[in-house]
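Asker: One predicted model, sequence on top.
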Amino acid sequence: MDNETMMRRDLAHIWHPCTQMKDHETLPVVPIRSAKGVWLEDFDGNRYIDAISSWWVNLFGHANEYITARLHEQASTLEHVLLAGFTHEPAVRLAERLCAIAPEGLQKLFFADNGSSAVEVALKMSYHAHRNNGERKELFLSLTNSYHGETIGALSVGDVELYKSTYEPILIRSVQTPVPEDMSEASARKAAEALEEILRRQGERIAAFIVEPLVQCAGGMHMYHPLYLSLAKELCERHNVHFIADEIAVGFGRTGTMFACEQAGVAPDFLCLSKGLTGGFMPLAVVLTTDGIYGSFYCDYLEYKAFLHSHSYTGNPLGCACANAVLDLFESKDVLEKNRAKAALMGELLKPFEALPNVREVRQTGMIAAVELRGYEPSERVNLKIFSSCLAQGVFVRPLGNVLYFMPPYVIGEDEMRQMVQAAFEAVQSL
Ligand code: PMP
């Protein structure tokens, strides 16, 4: 089997995510046969560094031996059982461990099976908790330029026009408050003032404020100062508005700390996790919340008070086994410390981009680095040009519009990091 054959078979039936399928008349689909560490290998034997961790899910490399072994064991013991009325050890252990390392006060955990569904859970729980307390709060608040997933509820609290505008007439009610313009404290304070004004006017109607802490990933890797999170959390408390931290993309060490909220000393009312949770092995998500919110649903059976939300694969044991393996690796390998050195190297390697005339800004938070270009119209589709150029040099990147970014698996080596950045530099230089 070769690339060409695989691509033909694929295009006969598969409708790809986030894709204008007509692009594939000229742009090849890349059929991956196997992967190891940071490397993807196609059916013609070409190898590519996965510089974006396959949509930010992979932490410890593809086909990681330790995670693979735990997954095999679990598959031959218990592959799945429903989680309503039943339980299993991988879920129990995972819940104990996540509650132990999460920001203070998050002692209850609800399982979902992908990031968007975790966001749906948090939104519904927030609305429902207020309702159980006798309050009608039918509006959600989020940041401008935010992204929380593609299902209707998650899309409603997002603010990336490209994904949202078509569906506007069928979305649920939400309002947006300005995200801090940049990484400065001054911008954080200014944005917090705008938030205060919105909460003063509409706080009574708002159930929850949902944020992507520190980095708005799908919104072009836009970064802001942790101060904003602490100011925002305080304001939300004052107005009886839940604070939802969507750490689906930034959790598990991406920003330099295990959870991004830690950098602001903030404990949210809801914490949504997915992606890196299983090291990129299985779809799984969790929503952590407080005893207080859990308590507002806890009573003698009354239909409208219980949280009657479920997904068939809720708490899937294979996913939980991978997540437990991921936590084992964090515990045994001093990952965050090693990432600090890798992040510093990435920052060094990116410096030459600053001298290029078509670069507007280089920014970085931990293991997320972005190069924002200037002077291009969306119709020029520089992202596709950079993608193709890098791929030809053995590096897989997927720029967001005119923002090229790197979010490699944590196991990336120094030479691989140099190759990754060099390929991208040449691609940007030759635009
Ligand atoms: N929230 C954030 C911050 C995300 O980055 C994403 C996915 N990119 C989601 C939610 C949705 O997760 P999923 O794609 O698993 O539905």
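Answerer: Done, it's in.
Asker: can you list the residues of the stretch 101-250 of the chain near the ligand?
Answerer: 114-116, 119, 147-149, 212, 217-218, 246, 248-249 (CB under 6 Å from any ligand atom). For the C-beta atoms, the positions are set from N, CA and C on the backbone; glycine is no exception.
Asker: Save those residues as CSV, and put in pLDDT and neighbour count too.
Answerer: Output for those, formatted as CSV (pLDDT from 0 to 100; neighbours: other CB atoms under 10 Å):
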residue, pLDDT, neighbour count
114, 97, 20
115, 98, 29
116, 98, 22
119, 98, 30
147, 98, 27
148, 98, 32
149, 98, 24
212, 98, 27
217, 98, 25
218, 98, 22
246, 99, 32
248, 98, 28
249, 98, 28
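Asker: between those, which is nearest the ligand?
Answerer: Ranked by distance to the ligand (CB to the nearest ligand atom), those are led by residue 115 at 2.1 Å.
Asker: surely the closest one meets residue 278?
Answerer: No. Judged on CB atoms under 8 Å, residue 115 makes no contact with residue 278 at a distance of 11.8 Å.
Asker: For the stretch 251-400 of the chain, give me the ranges with low pLDDT.
Answerer: For the stretch 251-400 of the chain, no stretch has pLDDT under 70.
Asker: What residues does it have near the ligand?
Answerer: Taking CB under 6 Å from any ligand atom as the contact definition, the stretch 251-400 of the chain meets the ligand at residue 274.
Asker: the helices in the stretch 251-400 of the chain, which residues?
Answerer: Along the stretch 251-400 of the chain, counting by DSSP state H, counting those that start in this stretch, helices occupy 291-295, 317-333, 335-350, 382-392.
Asker: Where does residue 412 sit, in terms of helix or strand?
Answerer: If you go by DSSP states H and E, residue 412 is not part of any helix or strand.
Asker: Grab the nearest non-local neighbour of it.
Answerer: Spatial nearest neighbour of residue 412, excluding adjacent residues (CB to CB, 6 or more residues apart in numbering): residue 38 at 5.0 Å.
Asker: how near is the residue in the chain sticking out farthest from the centre to residue 44?
Answerer: The C-alpha centroid of the chain is most remote from residue 300, which lies 36.7 Å away (CA atoms, centre = their mean). To residue 44, residue 300 is 64 Å away according to CB to CB, to the nearest Å.
Asker: Also residue 155?
Answerer: According to CB to CB, residue 155 stands 37 Å off from residue 44.
Asker: Contact partners for residue 401?
Answerer: Going by CB atoms under 8 Å, 6 or more residues apart in numbering, residue 401 touches 220, 378, 383.
Asker: what's the neighbour count on the first one?
Answerer: Neighbours of residue 220 under the rule other CB atoms under 10 Å: 18.
Asker: just checking, it touches residue 373?
Answerer: No. With contact defined as CB under 8 Å, residue 220 does not count as touching residue 373 (10.6 Å).
Asker: Which neighbours do these two have in common?
Answerer: The contact sets of residue 220 and residue 373 overlap at residue 403 (CB under 8 Å, 6+ apart).
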